[in-house]
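Student: Need the 3D shape of this:
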Amino acid sequence: IYIKKRGPWLKIHRVVGVAVLFLGLYQVGDGLNMFADNYKTQNLCPSYLVFLALSGVSVIVYKFYLILFSSEIEKERLGRDLVLTDDDVEGHSGRGYLHDDDHHVML
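Tutor: Now for the predicted structure:
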């Protein structure tokens, strides 16, 4: 019952959030145009649009990365290799380095 009551609110909340995001982005672009017109300066709106495009592409690439490597990410999230063995630690008197394929962590 709780999920059914929350479902419509969640959809409306997402739609309103995305709408406010796009309206805010539009307002910044329009403000850059107005500033350039009022103060006779260089219009920074094209630079802003390039920034938005690069940001959008980076979000999309990151999302595809998460989808493609979700199993490896889940393994790391669940704590793969949390148990240390003597082979993992080198050094003396309890101080050494934990060896991983990519990292060396001082103990």
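Student: contacting residues for residue 25?
Tutor: Applying CB atoms under 8 Å, 6 or more residues apart in numbering, we find residue 25 in contact with residue 52. Using the backbone N, CA and C atoms, a C-beta is placed for each residue, glycine as well.
Student: Could you give me the buried positions within the helix or strand where it lies?
Tutor: For residue 25, the element it lies in under DSSP states H and E is helix 2-39. Neighbour-count burial for helix 2-39, counted by 16 or more other CB atoms under 10 Å, picks out 29, 32.
Student: same check, this time on stretch 41-54
Tutor: 45, 48.
Student: how far does that stretch sit from the chain's center?
Tutor: 22 Å (CA atoms, centre = their mean, to the nearest Å).
Student: Grab the CA positions of it and hand them over as CSV.
Tutor: Provided in CSV are the C-alpha atoms of stretch 41-54 (Å, rounded to 0.1, in the frame of the first residue of the first chain):
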residue,chain,number,x,y,z
THR,A,41,30.8,42.4,-23.9
GLN,A,42,31.6,39.1,-25.6
ASN,A,43,28.7,36.7,-25.5
LEU,A,44,29.7,33.7,-23.4
CYS,A,45,26.6,31.7,-24.3
PRO,A,46,28.4,29.5,-26.9
SER,A,47,31.0,28.6,-24.3
TYR,A,48,28.2,27.8,-21.9
LEU,A,49,26.5,25.5,-24.4
VAL,A,50,29.8,23.7,-25.0
PHE,A,51,30.2,23.3,-21.3
LEU,A,52,26.7,21.8,-21.1
ALA,A,53,27.3,19.5,-24.0
LEU,A,54,30.6,18.2,-22.5
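Student: Other residues contacting that stretch?
Tutor: 25, 28, 29, 32, 33, 35, 36.
Student: Now the fifth one: closest residue in space that isn't a chain neighbour?
Tutor: Pointing back at residue 33 there. residue 45 (5.3 Å; CB to CB, 6 or more residues apart in numbering).
Student: swap in the fourth one?
Tutor: If you skip the residues right next to it in sequence, residue 32 has residue 45 as its closest partner in space, 4.6 Å away by CB to CB, 6+ apart.
Student: Can you tell me how far that neighbour is from residue 58?
Tutor: Distance from residue 45 to residue 58, counting by CB to CB, to the nearest Å: 20 Å.
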